[in-house]
Structure formats: C-alpha cells, structure tokens
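S.K.: Give me coordinates for this.
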Amino acid sequence: MNLVSEVAQGRKSSDTEALKNYLSGIYFNAGFQRLIWAAERSVILFGAVTCKCGCLPTIKKTKKGRWPPFDSKARPDAKTRLASCSFNSKLSFFGDMLSQFVEWDNRSYCRKKAFSILADQINPKKHSVYDFEQVKNSRPLMPNKLPWTPIDQMSLVLGAFELACKAYGELLGWNPGASLH
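M.R.: Numbering: from 1, shown residues only. From the prediction side, this is the model:
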C-alpha cells in the first residue's frame, strides 16, 4: 500500500521493482476481467443477431431496452442456435469457447474449462469485499492437489485469450454484416 501512496502523492517510489511487479499484476488482472467480459458478450451477441440464413435471434433486449446479462439462459440459447443451421462446422472455435462455460467441477484446473474457471475467479470477487483467505481457498487445484500458481493462471488466461480471438474471428467471418435488432 505504501508503494501506491508514494505514487499518489507524486513521490518517487522507494522500491521501483516492487512497484513494477504490483502494476503488472493490476494490468494482468484487469486484462483477464476484460477477456471474460468480451467472451460473455460474444455469446450474447451470437444469439442477438439475425442469421444469414434468416433464423431469428434467440436473445432479445429486456423490457428496459438493454441487452440481458450473461446468465444461465444465454448459454443454452447460444448452444441451441449453434446446433441449428449447420453452424458447428463453421464455428468450431466459438463452440469450443461456449463449451468452456459449462460442466466445470468448480475446483480442478482444466484448460478446457478456462472460461468457467476465470469467470469463477473474477465475477464474485470484483463486486465484493476482498478476502484473501476466501480467494486463496477458491483457487483451482492442479492435478497434484496444490493450488494454481501465477504461471498456471497465466497459461490459462493466454489459452483463453487465443481461443476468444479465434472465436471472434469466426463470428466475423460467419456474418460480417450482422446487425442487432
């Protein structure tokens, strides 16, 4: 906290290396929060646009005129839509991304469930009081039953980022002129 206070007061940091490490952690965590947000919104948008074949959207705005939050309804809607119109062959990366949001055991580290893990690690924590013990105890366990390390977390995030980019590219290729109604 002293490092941040020094910078906030316009003073030079007493430990520039520690400050760099602290700031890189802030940027990394903010980045993977945005990654989860983008992946969740991609799922909602997939269900909200009219298909090139004419299939109507499965996700619509709420009565207040807002797009719905990413919830348990958005995933099945997107999965149903993906199964129709022979999307599976065209949107395999999107399908892989979508499958990562379901059927995770809420404890084990598995790269094929990266979005579930990251959402579990982010969403409840960004809107509540930070409790280090609770955070530490909720971390996924590696096959050796030890909690994940920063390297494991980085590996998970990078794999999820790569998949999200590929899925987004597929969506743009599938319907580059898509519009929301």
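
S.K.: wait, what's in contact with Gly159?
M.R.: Neighbouring residues of Gly159 by CB atoms under 8 Å, 6 or more residues apart in numbering: Arg111, Ala114. Backbone N, C-alpha and C define where each C-beta goes, glycine included.

S.K.: Sticking with it, tell me its helix or strand.
M.R.: If you go by DSSP states H and E, Gly159 is part of helix 150-174.

S.K.: chain center to that helix: distance?
M.R.: How far helix 150-174 lies from its chain's middle: 9 Å, per CA atoms, centre = their mean, to the nearest Å.

S.K.: buried stuff in that helix?
M.R.: Residues 152-153, 156-157, 160-161, 163-164, 167-168, 170-171, 174 are the ones in helix 150-174 that count as buried (16 or more other CB atoms under 10 Å).

S.K.: Output the lowest mean pLDDT helix or strand found in the protein.
M.R.: Every helix and strand in the chain was compared by mean pLDDT, DSSP states H and E; the lowest is helix 2-8, with a mean of 73.

S.K.: and Leu146, backbone torsions?
M.R.: phi -90, psi 150 (degrees, to the nearest 10).

S.K.: where's the residue nearest in space to the middle of the chain, which helix or strand?
M.R.: Nearest to the mean C-alpha position of the chain, counting by CA atoms, centre = their mean, stands Ile36 at 1.6 Å. Assigned by DSSP H and E, Ile36 belongs to helix 16-48.

S.K.: which element follows that helix toward the C-terminus?
M.R.: Taking DSSP H and E, what comes next after helix 16-48 is helix 74-83.

S.K.: Where does the prediction get shaky in this structure?
M.R.: Applying pLDDT under 70 to the chain flags residues 1, 3, 72, 85-89, 123-128, 178-181.

S.K.: what helix or strand is Lys90 on?
M.R.: Secondary structure (DSSP H and E) places Lys90 outside all helices and strands.
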